[in-house]
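Attaching a predicted model along with its sequence, questions to come.
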There are 2 protein chains.
Amino acid sequence: MNKYDADLGKRPANHVPLSPLTFLRRTAEVYPERPAIRYAGRTQSWAATYERCVRLADALRRRGIREGDTVAVLCPNTPPAVEVAFGVPMAGAVLNMINTRLNAPAIAFMLDHGEARTFLVDRGLMRLGREALALANVTPLLVELDDSTIEPTPPSGALAYEALLAEGDPNGAWSLPADEWNAIALNYTSGTTGDPKGVVYHHRGAYLNAVGNALEWALPRHPVYLWTLPLFHCNGWCFPWTIAAVAGTNVCLRQVDAAEILRLIRDAGVTHMCGAPIVLNTVTTEAERRGERLPSTVELMTAGAAPPAAVLERSGRVGFRVTHTYGLTEVYGPNTVCAWHADWDLLPAAEQAARKARQGVAYVVQEELSVRHPETLEPVPADGATLGEVMMRGNIVMKGYLKNASATEAAFAGGLFHTGDLAVMHPDGYIEIRDRSKDIIISGGENISSIEVEGALYRHPAVSAAAVVARPDDRWGETPCAFVELRDGASVSEADLLAFCRQNLAHFKAPRTVVFGELPKTSTGKIQKFLLRERARQLG
Amino acid sequence: MNKYDADLGKRPANHVPLSPLTFLRRTAEVYPERPAIRYAGRTQSWAATYERCVRLADALRRRGIREGDTVAVLCPNTPPAVEVAFGVPMAGAVLNMINTRLNAPAIAFMLDHGEARTFLVDRGLMRLGREALALANVTPLLVELDDSTIEPTPPSGALAYEALLAEGDPNGAWSLPADEWNAIALNYTSGTTGDPKGVVYHHRGAYLNAVGNALEWALPRHPVYLWTLPLFHCNGWCFPWTIAAVAGTNVCLRQVDAAEILRLIRDAGVTHMCGAPIVLNTVTTEAERRGERLPSTVELMTAGAAPPAAVLERSGRVGFRVTHTYGLTEVYGPNTVCAWHADWDLLPAAEQAARKARQGVAYVVQEELSVRHPETLEPVPADGATLGEVMMRGNIVMKGYLKNASATEAAFAGGLFHTGDLAVMHPDGYIEIRDRSKDIIISGGENISSIEVEGALYRHPAVSAAAVVARPDDRWGETPCAFVELRDGASVSEADLLAFCRQNLAHFKAPRTVVFGELPKTSTGKIQKFLLRERARQLG
């Protein structure tokens, strides 16, 4: 032992688990009266938010929730969706935010796989929640989350969220996790290659990515953050924790609506928001229609597919400044950023858009971003041309997949997280994604598995072969486009086939286009998807 | 084991030691051409800075430096003082920045206690460095740091810094520490209660406080940071690492000079600086004399004693915005911040100054700041009146004192770091320091131990009793004021006694005032310092 270790170990005075729960307590203490959450004309202070989260944690403990238990939540971006980001882990439990656009069987799978012990469901989603519960094997405590903006429904019989909070002591004791490696959240992937996988986040990573968001965006003190990004996507890219760290305000939003977004930007003084490019496009189009400019610049962080040059230009004129990031569920949301260089401002608009379209460099809180040969793990040359797989390593990478050791091992083979996305590395060290190795279609910010859609099509008696690829779409970014070969003598209309898909899939996953005809195949019978992608592109 | 731990342990892909060295590599990769360091008309890019740090690390390794070895540095705020903050820990070594205002015996003590294996000394401080080496038992490799702004001295025979760098491979391998708990720096306290104590920092704390500075100051991207704060104070309050994290520019400054500071604010576009209140006062006075305003607002972070209301007002008119923080060597520098509330801007100037004079709340990256009874550890009531000791707990608290287990135990008694400073807790949770329990005098940002100065006085044959207290001073904040009782029949002049002190102490520690006469004592013979403090105050 060298002299710098002798008698110099960790102690309670100098070592505390990193956890974003620290941010809530600190901001509630320092800025108790500042607005934490605004929604439906009401404002809730940080002190009140902290008290409600303490109550929630205490009530969950009284109901028997313990460390490592799962609390599932089905809720749009209303205030409870922010509160659970703190109250659930303050109880030592693991938060599982579920995509509200899924269908009941998919939700039931997640409730069972995560072994949910409590299930908090928004009032407007109670029917879906109950359908899922009926299909599930687990029998979690059902709690109904209120929302004053929607029509009261008949008494559901479920425990009301406010009643649950009333069971909790506002001065109840809670503690940081015993270990920063403890799980804080469970987020299911969209299941693009089979059953959804349960991605486990730890407190350390949540803390660091929350800080990373603040650093990459150079967040000012007290930003006003509009919830255009679903809180069920990677815990809202860790932004509930970021906004607490910088004592900002969460402006909640039940659904993405251009007019309402413009109103909130003006009336609530929104300064920052995140979302898929479609959000940017929709709001820009509405502002243009009205001939309005934003009262001051609004920072918009987008991820995955970059907005086209034309949208960037138009939105810039309206008053948005776009930061392009990229990430996956497995890495806490955004994990790379197209870090801007001041001298790029002088480039022609098209070249600026080309720069901005790149997924960029690792977050400052991440350790490594690389593009490598998928098997040898050799880095590809930084020539902007050689394709390789995007890989990452560092502190904002998941613990692994819940109850799926083989998938975890595969994802972490060779000491790197394998994203499955294919990219090139440019000479300046910025990556640009060129293709996805997992056949994902990104439509309106949601990942759709082409394999899952093909599975639905194959279940129709008239279908002999099917392949689904992405079709470029001005509004949604991409939509699923199905190429279908029918059995000899069988027939089905496009409308009937689409209706069939909608019965068997979440609506947003159903194809928008069906093209009938023989599928191009290799000599060994494998469908040549790259040809179909080209055809889909030509459909315009 | 619960399901969230099974097969979900730490791996190279998802767990990397936190270290501020990450920030240098990342910024050098993303912004290679941006200016990292400006000094004496020259600019060094982040790519060049990274290369020089890699060279330094590699050269140190070739010279036999290994993990846990100490590299001592005696250097003003010139570029090498920034480079060593990275290059030394990249070699696995521990950086010991030594206060350049100390005298040779004090420096020799530190070289010996820290077991320095390499000693990097600024060209202008070689004489002091050699004196210290002559007194020390250790025989570290001596390296001379160049500075183009000072007169060349005759060849010293020491290895030149540039020659050392030339020994290193610019592509040399370096690695993060194996454990984030490994030591990164050694900083000696001013020894206010005896021999200086060696405070050990770890990589985790340095990383977190670097991030904390960015969060508390809401740093923009690419700040231009002027080095008015000595880099030997708590590693420049961790700002070399902060500035790397946000891809800013370090503007170096050999000595604090108001005209030069104003020139750099204008010519180098300085946006941020730190320092003792005297820096603020000096620069403000010079700007007023010239009738100048700063070209745009400059953020100034100060610590310890708050600037008086008049200075705050005057400096505000000139263009400074002041953030008041507080900390100690043991907690990586600033650790609390007087977090400002927007509505305080509406208060009268005197009330604003009174708010700003408070030391405030814990950094967001620290866990706990409290004011407690020194023995029972009971928190004092938050009444703004009851005095208690300031205590802290969290991740930006030192590992402990090097080779001093008893001092470490005492500092961490009861699971809290005991600052030794006395404060009240206001009802809003902000602390305000009222007194120091360790008899420290803070003069021009330097801590002076009254006990050490008294020790020097007692060594004079004519002195029978001496007590040293702080005398308020407009320029220096405080200066040491000596009250001296002479032996019967002995005599000495004030001038002779001061000269005697200067021979035996670093110059800045010598008293500025001597008051002869009988000292007030308790019935048991204890000198009543509180009465002397009052008398010193009345000296005006």
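Perfect, I can see it now. Numbering: from 1, shown residues only, chains lettered A, B, ... in the order given.

who's whatever residue of the stretch 101-250 of chain A ends up closest to chain B bridged to?
Chain B sits closest to A:Ala183 of the stretch 101-250 of chain A, with a gap of 3.7 Å, by Cβ to the nearest Cβ. Yep, even glycine has a C-beta here, placed from its N, CA and C like the rest. Bridge pairing for A:Ala183 (DSSP bridges) gives the partners A:His202.

I figured it was touching A:Thr70, is that so?
No. Applying Cβ atoms under 8 Å as the test, A:Ala183 and A:Thr70 come out as separate, 9.1 Å apart.

any shared contact partners between the two?
Common neighbours of A:Ala183 and A:Thr70 are listed as A:Val94 (criterion: Cβ atoms under 8 Å, 6 or more residues apart in numbering or on different chains).

Helices of the stretch 251-400 of chain A, start to end?
With DSSP state H, counting those that start in this stretch as the criterion, the stretch 251-400 of chain A has helices at A:258-267, A:277-290, A:309-318, A:349-356.

Now render the ones you listed as a markdown table, adding distance to chain B, mean pLDDT and mean neighbour count.
As requested, these are exported to a markdown table (distance: least, Cβ to the nearest Cβ, whole Å; pLDDT from 0 to 100; neighbours: other Cβ atoms under 10 Å in any protein chain shown):
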| stretch | distance to chain B | mean pLDDT | mean neighbour count |
| --- | --- | --- | --- |
| helix A:258-267 | 19 | 97 | 17 |
| helix A:277-290 | 22 | 91 | 20 |
| helix A:309-318 | 18 | 88 | 18 |
| helix A:349-356 | 13 | 88 | 16 |
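
any chance of those in JSON lines, with distance to A:Thr228 too?
Converted to JSON lines, the helices of the stretch 251-400 of chain A look like this (distance: least, Cβ to Cβ, whole Å):
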{"stretch": "helix A:258-267", "distance to A:Thr228": "7"}
{"stretch": "helix A:277-290", "distance to A:Thr228": "5"}
{"stretch": "helix A:309-318", "distance to A:Thr228": "13"}
{"stretch": "helix A:349-356", "distance to A:Thr228": "19"}
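
The ones you listed: which one's closest to A:Val371?
Nearest to A:Val371 among these is helix A:349-356; the distance by Cβ to Cβ comes to 17.6 Å.

what does the stretch 351-500 of chain A have sitting close to chain B?
A:361-362, A:364, A:367, A:392-395, A:397-400, A:402-403, A:405, A:408, A:412, A:415-417, A:429 (Cβ under 8 Å from any Cβ of the partner chain).

can you do 6 Å?
Residues of the stretch 351-500 of chain A found near chain B (Cβ under 6 Å from any Cβ of the partner chain) are A:361, A:364, A:367, A:393-395, A:397, A:399-400, A:405, A:412, A:415-417, A:429.

Domain-wise, how is chain A divided?
Domain assignment for chain A, taken from automatic domain parsing, gives A:21-204, A:367-436, A:440-538.

Just name the most buried of these.
Comparing these by mean neighbour count (mean count of other Cβ atoms under 10 Å in any protein chain shown), domain A:21-204 ranks first with a mean of 21.

end-to-end on it?
End-to-end span of domain A:21-204 (Cα to Cα, to the nearest Å): 11 Å.

any idea how far it is from the chain center?
In terms of Cα atoms, centre = their mean, to the nearest Å, the centre of domain A:21-204 is found 16 Å from the chain centre.

now stretch A:270-279
Relative to its chain's centre, stretch A:270-279 lies at 13 Å (Cα atoms, centre = their mean).
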